[in-house]
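Colleague: Using only what follows, build the 3D model:
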Amino acid sequence: MLTYQSSSFISYIRTDVLRGTCDVQLKDGKFYTYYNVSRRALLNLEFNKSISLGFWFNNNCVNSNATSSLVFDVNKVYAFQTNPYVLSAA
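Modeller: The predicted model follows:
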């Protein structure tokens, strides 16, 4: 399920309750996948539309036992596409 709410930091959060994962797209272009997220917290996010995305993200992904991996960074891909000779992004 995709969750779009007004947030100054997060574009959207996609949850998978069965697997206990969520994908988070930040406004700066970074895309993270979090594993071992509390299924109760994921359900709370899906059914409670008034919850703050930033508050939920900090409590259940950043400051928890969930593990993350950076999957995608739009800024680095865009820099590579505009200049194919750049070997590493700043």
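
Colleague: what's stretch 26-40 in contact with?
Modeller: Applying Cβ atoms under 8 Å, 6 or more residues apart in numbering, the contact partners of stretch 26-40 are 7-11, 15, 17, 20-25, 60-61, 64-75, 78. To be clear about C-beta, it is placed using only N, CA and C from the backbone, and glycine gets the same treatment.

Colleague: And that stretch, how far out from the chain middle?
Modeller: Taking Cα atoms, centre = their mean, to the nearest Å, one finds stretch 26-40 lying 3 Å from the centre of the chain it belongs to.

Colleague: Ok, stretch 24-33 next?
Modeller: 5 Å.

Colleague: do the same with stretch 16-36
Modeller: Worked out by Cα atoms, centre = their mean, stretch 16-36 lies 4 Å from the chain centre.

Colleague: Quick check: buried residues in that stretch?
Modeller: For stretch 16-36, the neighbour count (16 or more other Cβ atoms under 10 Å) marks 17, 20-26, 30-34 as buried.

Colleague: Would you point out the most distant pair within those?
Modeller: V17 and K30 (23.4 Å; Cβ to Cβ).

Colleague: Give me the below-cutoff pLDDT ranges for the chain.
Modeller: Confidence mapping of the chain against pLDDT under 70 gives the ranges 1-4, 72-90.

Colleague: what about 50?
Modeller: For the chain, the stretches flagged by pLDDT under 50 are 78-84, 86, 89-90.

Colleague: Tell me which stretches of it form helices.
Modeller: 39-47, 53-57, 74-82 (DSSP state H).

Colleague: What residues sit buried inside the second one?
Modeller: For helix 53-57, the buried set under the neighbour-count rule, 16+ other Cβ under 10 Å, comprises L53, W56, F57.
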